[in-house]
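Q: Sequence and predicted structure are below.
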Amino acid sequence: MSLIRLNIDSFRNIQLAQLSPSSGINLIYGQNGSGKTSILEAIYFLGMGRSFRSHLSQRVINNEQDKLTLFATLNLPRGDSKIGLRRFRSGETEVKIDGEKVKRLSTLAETLPIQVITPESFSLLFEGPKSRRQFIDWGAFHSDPQFYAAWVNVRRVLKQRNQLLRNNSSYDQIQYWDREFVRYTEQVTEIRNRYVDSLNELLKGIIGEFLPQVDVKVSFTRGWDSKTDFAQLLESQYPRDLATGHTVSGPHKADLRLRVGSLPAQDAMSRGQLKLLVCALRIAQGKLLKQQIDKHSIYLVDDLPSELDAQHRQLLLKQLVDTGAQVFVTAIEPAAIVDSLHMPPSRMFHVEQGRVTVIE
Ligand SMILES: Nc1ncnc2c1ncn2[C@@H]1O[C@H](COP(=O)(O)OP(=O)(O)OP(=O)(O)O)[C@@H](O)[C@H]1O
């Protein structure tokens with residue numbers, strides 16, 4: 001799967017751009033502030049309905065406009081598909097896939113699986129369990145069609161349970177919700193666990209190439225002690241939950257543990273090594289998706305050269321090429337990428353003050 005056409009209208013400093021990317025490596029280069037990241041962000045916005053930079057979606061609309069429009073033609077095994085997204089300053093979003101209005105943004109994510117690697121990707125390792133849980137759930141969502149509904153139900157029931165706790169409800173009142181909570185939690189946890197197991201197999205090979213001297217161990221933690229029955233735990237921890245006003249343990253605390261020996265990975269590795277670890281995780285995820293449902297992800301790699309020496313740039317680009325996926329990489333100087341590739345990038349785009357030109 002790849003984007004064969006991309007139209008960007010009023011997204012950040014890009015007034016109007018039309019790109020025909022290649023299905024291989026696309027290099028986007030230009031000076032600081034020219035709009036390179038904005039192109040990656042526009043692709044992400046089209047696939048996720050939100051930005052990877054700002055949680056305020058209004059900020060991505062060009063300052064002088066009241067709406068942004070993104071449009072892409074996707075090349076899929078079943079034929080071409082057209083995706084359009086319009087976002088208004090009022091907050092309203094319109095999404096169309098092949099001319100049909102789409103209500104749920106998850107339909108977009110299903111159509112366009114995207115992997116992002118930015119210089120800030122370290123957050124996957126540093127910023128607490130939320131971003132690591134999102135990483136697991138990206139894979140669980142794409143690999144198992146049952147996951148999304150179970151996950152939505154976990155969130156719904158958890159919200160309800162927490163509300164009851166805040167209202168000082170008796171355990172009898174909460175018990176009804178706990179039965180549902182346990183049922184959906186089992187589903188979500190099983191899919192997450194299975195997913196991390198499958199990922200680990202692929203990950204070992206990639207980490208072995210990127211970081212041969214570092215013994216990184218990746219494991220899944222479910223959010224409570226795995227030896228304890230979840231229904232019993234909810235009952236025994238009811239007094240504590242009541243005192244804190246929320247459910248202390250459960251699937252909302254699941255995590256991906258990344259350790260080197262007895263230390264958390266972020267305490268044992270350099271910044272460049274951490275970037276490579278994040279890249280290995282993302283590449284493994286894309287490869288697994290291809291194996292499991294025969295679907296390619298699209299890779300967006302912002303400022304690929306930063307933090308990496310020439311040898312590791314080469315290794316990373318080789319792994320990205322090996323995925324067979326469509327890749328968009330940005331760099332200030334094209335040589336930083338061109339010199340690390342065994343063959344020239346399939347297509348190069350130069351960005352200057354929001355204007356994009358293809359380099360023939
Ligand atoms: N809503 C907006 N409307 C217009 N311009 C914007 C908007 N949001 C951001 N910009 C501007 O868009 C420009 C492009 O930013 P972008 O981050 O895409 O650049 P870049 O080429 O990736 O830069 P760098 O190499 O420094 O990371 C910036 O100068 C920024 O000030």
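A: Nice, I can see it.

Q: How many neighbouring residues does the residue of the stretch 251-360 of the chain found nearest the ligand have?
A: Going by C-beta to the nearest ligand atom, the ligand is nearest to I332 of the stretch 251-360 of the chain, at 5.7 Å. No exception for glycine: its C-beta is placed from N, CA and C like everyone else's. Applying other C-beta atoms under 10 Å, we find 15 residues neighbouring I332.

Q: Would you report the backbone torsion angles of it?
A: Backbone dihedrals for I332, given as degrees, to the nearest 10, come out at phi -80, psi -50.

Q: Please apply the same query to K67.
A: When read as degrees, to the nearest 10, the backbone of K67 gives phi -160, psi 160.

Q: which residues of the stretch 251-360 of the chain fall in helices?
A: For the stretch 251-360 of the chain, the helices defined by DSSP state H, counting those that start in this stretch cover 265-268, 271-293, 310-322, 335-338.

Q: most packed of these?
A: Mean neighbour count (mean count of other C-beta atoms under 10 Å) peaks for helix 271-293 among these, with a mean of 21.

Q: so how far is that helix from its chain's centroid?
A: 11 Å (C-alpha atoms, centre = their mean, to the nearest Å).

Q: same check, this time on stretch 214-226
A: Distance of stretch 214-226 from the chain centroid (C-alpha atoms, centre = their mean) equals 20 Å.

Q: Can you give the contact residues for that stretch?
A: The contact list for stretch 214-226, computed with C-beta atoms under 8 Å, 6 or more residues apart in numbering, reads 136, 189, 192-193, 196-197, 199-200, 203, 207, 230, 233, 249-261, 265, 268-269, 273, 277, 281.

Q: returning to what we had before: of all the helices of the stretch 251-360 of the chain, which one is nearest E41?
A: Closest to E41 of the helices of the stretch 251-360 of the chain is helix 271-293 (C-beta to C-beta; 16.7 Å).

Q: mean confidence for the closest one?
A: Computed over helix 271-293, the mean pLDDT rounds to 93.

Q: now that helix against helix 310-322, angle please.
A: If you take axes from the mean of the first three to the mean of the last three C-alpha atoms, to 10 degrees, helix 271-293 sits at 10 degrees to helix 310-322.

Q: and helix 271-293, C-alpha only, in PDB?
A: Extracted in PDB, the C-alpha atoms of helix 271-293 (Å, rounded to 0.1, in the frame of the first residue of the first chain):
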ATOM      1  CA  ARG A 271      20.300   9.100  23.000                       C
ATOM      2  CA  GLY A 272      21.400   7.700  19.700                       C
ATOM      3  CA  GLN A 273      20.900   4.100  21.000                       C
ATOM      4  CA  LEU A 274      17.500   5.100  22.300                       C
ATOM      5  CA  LYS A 275      16.500   6.500  18.900                       C
ATOM      6  CA  LEU A 276      17.600   3.200  17.300                       C
ATOM      7  CA  LEU A 277      15.600   1.300  19.900                       C
ATOM      8  CA  VAL A 278      12.500   3.300  19.000                       C
ATOM      9  CA  CYS A 279      13.200   2.800  15.300                       C
ATOM     10  CA  ALA A 280      13.600  -1.000  15.900                       C
ATOM     11  CA  LEU A 281      10.200  -1.100  17.700                       C
ATOM     12  CA  ARG A 282       8.500   0.800  14.900                       C
ATOM     13  CA  ILE A 283      10.100  -1.200  12.100                       C
ATOM     14  CA  ALA A 284       9.200  -4.500  13.900                       C
ATOM     15  CA  GLN A 285       5.600  -3.300  14.200                       C
ATOM     16  CA  GLY A 286       5.400  -2.500  10.500                       C
ATOM     17  CA  LYS A 287       7.000  -5.800   9.500                       C
ATOM     18  CA  LEU A 288       4.600  -7.700  11.800                       C
ATOM     19  CA  LEU A 289       1.600  -6.000  10.300                       C
ATOM     20  CA  LYS A 290       2.800  -7.100   6.800                       C
ATOM     21  CA  GLN A 291       3.200 -10.700   8.000                       C
ATOM     22  CA  GLN A 292      -0.100 -10.800   9.900                       C
ATOM     23  CA  ILE A 293      -2.500  -9.000   7.500                       C
END
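
Q: for that helix, packing partners?
A: Contact partners of helix 271-293 among helices and strands, from 3 or more C-beta pairs under 8 Å, 6 or more residues apart in numbering; DSSP states H and E: strand 114-117, helix 123-126, helix 129-143, helix 171-210, helix 265-268, helix 310-322.

Q: Make TSV from the ones you listed and add distance to the ligand and mean pLDDT to it.
A: As requested, the helices and strands packed on helix 271-293 are exported to TSV (distance: least, C-beta to the nearest ligand atom, whole Å; pLDDT from 0 to 100):
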stretch	distance to the ligand	mean pLDDT
strand 114-117	13	93
helix 123-126	17	72
helix 129-143	21	92
helix 171-210	24	95
helix 265-268	24	90
helix 310-322	17	93
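
Q: Highest average neighbour count across those: which stretch is it?
A: strand 114-117 comes out most buried of these by mean count of other C-beta under 10 Å, with a mean of 22.

Q: Find the centremost residue of this structure, please.
A: By C-alpha atoms, centre = their mean, the chain has its centre lying nearest to Q115, at 5.2 Å.

Q: State the three-state secondary structure for T107.
A: Counting by DSSP: H, G, I helix; E, B strand; the rest coil, the backbone at T107 sits in helix.

Q: Show the contacting residues for it.
A: V95, I97.

Q: separation between it and T228?
A: Per C-beta to C-beta, to the nearest Å, T107 is found 37 Å from T228.

Q: try E360
A: Separation of E360 from T228 (C-beta to C-beta): 63 Å.
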